[in-house]
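In: just the structure for this:
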Amino acid sequence: MTQTVHDEFFMVDREVERWQQRAQLLEKQYAELAQIAGSLAHEIKNPLSVIRMNMELVEEDLEESETPRERRVWTKLQTVHAQCQRLEKLLNDFMKFARLRELDLEIGSLNKQVAMVLDMYEAQAQSQGVQINRYLDPELPAMQLEPETLQAAMVNLVKNAMESMEEGGELTVITRVTPVGIAMDLIDTGCGMSENTALNMFSAFYTTKPAGSGLGLPMARKVVQAHGGRIDVQSQESQGTKFTLEFPTPARLDSSENK
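Out: Here you go, the predicted structure:
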């Protein structure tokens, strides 16, 4: 009986060891692939920038053209120029996405990051007829964060919310304490998302916008996960969307460090 139990434990240990080896191999392969993809994107971006700049110069030469043929050429050049710009933006977004692995975290305030992002959109909100409601818990504990990347993730979410409320609406932001940490709710009264969009919105390169890269939301989720958190979404067409970001807080951290 004892030998049987010993054998079973040995088999479990071997299976765990094999699983750990596979996980390490996959992690190494992912890191190598991300490095190759980032390098490839950089190599493509350089000649693309040269093409775009030369297209701009040719456009300038033809801008004052008068013949129908030259005007047609100028129109076609504008189309090519626009596509070059779109590809450059896509490559820039992809390189940011590929480089995001480990963050240099520091103790900071989620409320402060939220307020800074909302301040950026106040003028646009007023001109667009969007009312921003802030309910930021003044006693919210501090968290470990990297300000630049966390703000970038929030900017993506707020930008999407603003774009969904072109005819005006309300954007409500709530920060609160949870049983395991802290959270932020971002609620808009915009057009909402279809079921298919909600299922695919975190997939890289999936987008419903003509000029979108499809990396904004995947980047936001990656940033939240890199902070040890999670992101959830609830949406209904013609009703609006609610994003919830949840983060852990360091144990035994004095809340006064958050102020």
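In: strands along the chain, start to end?
Out: 106-108, 130-136, 143-145, 169-178, 181-188, 230-236, 240-248 (DSSP state E).
In: for Arg221, find the nearest of these.
Out: Between Arg221 and these, the tightest spacing by CB to CB is seen for strand 230-236, at 5.2 Å. Using the backbone N, CA and C atoms, a C-beta is placed for each residue, glycine as well.
In: for the record, mean pLDDT for the closest one?
Out: For strand 230-236, the mean pLDDT works out to 92.
In: run a quick neighbour tally on the nearest residue to Asn111 once chain neighbours are set aside.
Out: Once flanking residues are discounted, Asn111 sits nearest to Leu136: 4.6 Å by CB to CB, 6 or more residues apart in numbering. Number of residues near Leu136 (other CB atoms under 10 Å) recorded here: 17.
In: with the one 3 residues further on instead?
Out: Applying other CB under 10 Å, we find 9 other residues in the vicinity of Glu139.
In: could you do Glu88 as well?
Out: Glu88 - counted by other CB under 10 Å - has 16 other residues nearby.
In: hmm, Val177 and the residue nearest to Asn111 touching each other?
Out: No: the pair Leu136 and Val177 does not pass the contact test of CB atoms under 8 Å, sitting 11.9 Å apart.
In: joint contacts of those two?
Out: Shared contacts of Leu136 and Val177 (CB atoms under 8 Å, 6 or more residues apart in numbering): none.
In: what's next to stretch 120-131, contact-wise?
Out: 132, 155, 158-159, 162, 165-171.
In: now stretch 172-192: buried residues?
Out: The neighbour-count check on stretch 172-192 (16 or more other CB atoms under 10 Å) flags 172-175, 181-192 as buried.
In: among those, which one sits closest to Met143?
Out: Ile182 (6.1 Å).
In: please name the residues that touch that closest one.
Out: Ile182 neighbours (CB under 8 Å, 6+ apart): 110, 140-141, 143, 175-176, 246-247, 249.
In: 7 Å instead, please
Out: Residues in contact with Ile182 (CB atoms under 7 Å, 6 or more residues apart in numbering) are 110, 140-141, 143, 175-176, 247, 249.
In: okay if I get these as JSON lines plus pLDDT and distance to Glu70?
Out: Below are the contacts of Ile182 laid out as JSON lines (pLDDT from 0 to 100; distance: CB to CB, whole Å):
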{"residue": "Leu110", "pLDDT": "97", "distance to Glu70": "56"}
{"residue": "Leu140", "pLDDT": "96", "distance to Glu70": "62"}
{"residue": "Pro141", "pLDDT": "95", "distance to Glu70": "65"}
{"residue": "Met143", "pLDDT": "94", "distance to Glu70": "59"}
{"residue": "Thr175", "pLDDT": "97", "distance to Glu70": "58"}
{"residue": "Arg176", "pLDDT": "97", "distance to Glu70": "62"}
{"residue": "Phe247", "pLDDT": "95", "distance to Glu70": "58"}
{"residue": "Thr249", "pLDDT": "87", "distance to Glu70": "64"}
